[in-house]
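Enquirer: quick check, what structure comes out for this input:
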Amino acid sequence: MIRVFTSARILDTGRGTDDATRVVDILVDGMKISHIADHVDRPMGASVIDASRYLVTPGFVNAHGHLAMTLLRGLADEVSLDVWLHDYMFPREALMNGDDIYYGSLLALAEGIMSGTTTFAEMYFLEDDVARAVDEAGVRANLSTGTASLDNERGKLEKSEEFVVRWNNKADGRIRTSFGPHAPYTASPEFIRENFERARDLGVIVQFHLHETAKEIEEFT
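Expert: Okay, the predicted model is just below:
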């Protein structure tokens, strides 16, 4: 499907002028922007869309999130991180299954798309179901399995690596993967170090919670 967006105002910060926008036509062929110019000829059969009322920008990036936690939104407020995690989040997450993760992720992705977010960095559990949702939604994402070393360190690290290998560069390259040791208060220094070493060996990054609160800054600096 070919679409031509006419008279769109695009954000062009590289112009070097006070006005960072300019008006153009945009030709979209399938899932790719193939041409941007002051005027674009309309190919036969193309759908023409008047975009004169809109500002077109590059897609926004959500640099950290837990997509399926959309289902847990609003459960607690004005409590410490420790109370929020152990009294509200962890007990409910223990009841969540793959369908919860999949549909919760789809909901979060839909909300993101509506606000112009096209790329997500994500750390959670049952991440194969998150990856399935990302694939279907058509967005980009860097996905990691959040792991803690409270028990079965070796098994958790191996499963995390299996996920990294299984999904990296899938969905036509839209999905990238990473390691995700949860945080210094849920993972041992040795476990965290091993995650970084595995990531280095496989050429991927690490997602990690660090310095989330004043107390944590004091403890882990």
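
Enquirer: can you pull the pLDDT of Gly30?
Expert: Model confidence at Gly30, given as pLDDT, is 89.

Enquirer: next, count neighbours for it.
Expert: The tally of other residues near Gly30 (other Cβ atoms under 10 Å) stands at 8. Glycine gets a C-beta too; all of them are placed from N, C-alpha and C.

Enquirer: quick one, phi psi at it?
Expert: Here is the backbone geometry of Gly30 (degrees, to the nearest 10): phi 70, psi -120.

Enquirer: do Arg132 as well
Expert: Here Arg132 shows phi and psi, under degrees, to the nearest 10, equal to phi -60, psi -40.

Enquirer: that one contacts Asp99, correct?
Expert: No. Taking contacts as Cβ atoms under 8 Å, Arg132 lies outside contact range of Asp99: 10.8 Å.

Enquirer: give me the helices and strands touching the longest helix anywhere in the chain, please.
Expert: Longest helix of the chain, by residue count under DSSP state H: helix 98-114. The helices and strands touching helix 98-114, judged by 3 or more Cβ pairs under 8 Å, 6 or more residues apart in numbering; DSSP states H and E, are strand 117-124, helix 127-137.

Enquirer: can you show me the CA trace of the following helix or strand past the last one as CSV?
Expert: Once helix 127-137 ends, the next helix or strand along the chain (criterion: DSSP states H and E) is strand 140-147. What follows is strand 140-147 as a C-alpha-only set of coordinates in CSV (Å, rounded to 0.1, in the frame of the first residue of the first chain):
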residue,chain,number,x,y,z
ARG,A,140,11.1,-1.8,17.7
ALA,A,141,12.2,-3.0,21.2
ASN,A,142,15.2,-4.1,23.2
LEU,A,143,14.0,-6.9,25.4
SER,A,144,15.6,-8.5,28.5
THR,A,145,14.5,-11.1,31.0
GLY,A,146,14.7,-9.5,34.5
THR,A,147,16.6,-11.9,36.7
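
Enquirer: any idea how far the residue minimising distance to the centre of the chain lies from Tyr103?
Expert: The centroid of the chain falls nearest to Phe120 when counting by Cα atoms, centre = their mean (1.5 Å). Separation of Phe120 from Tyr103 (Cβ to Cβ, to the nearest Å) stands at 16 Å.
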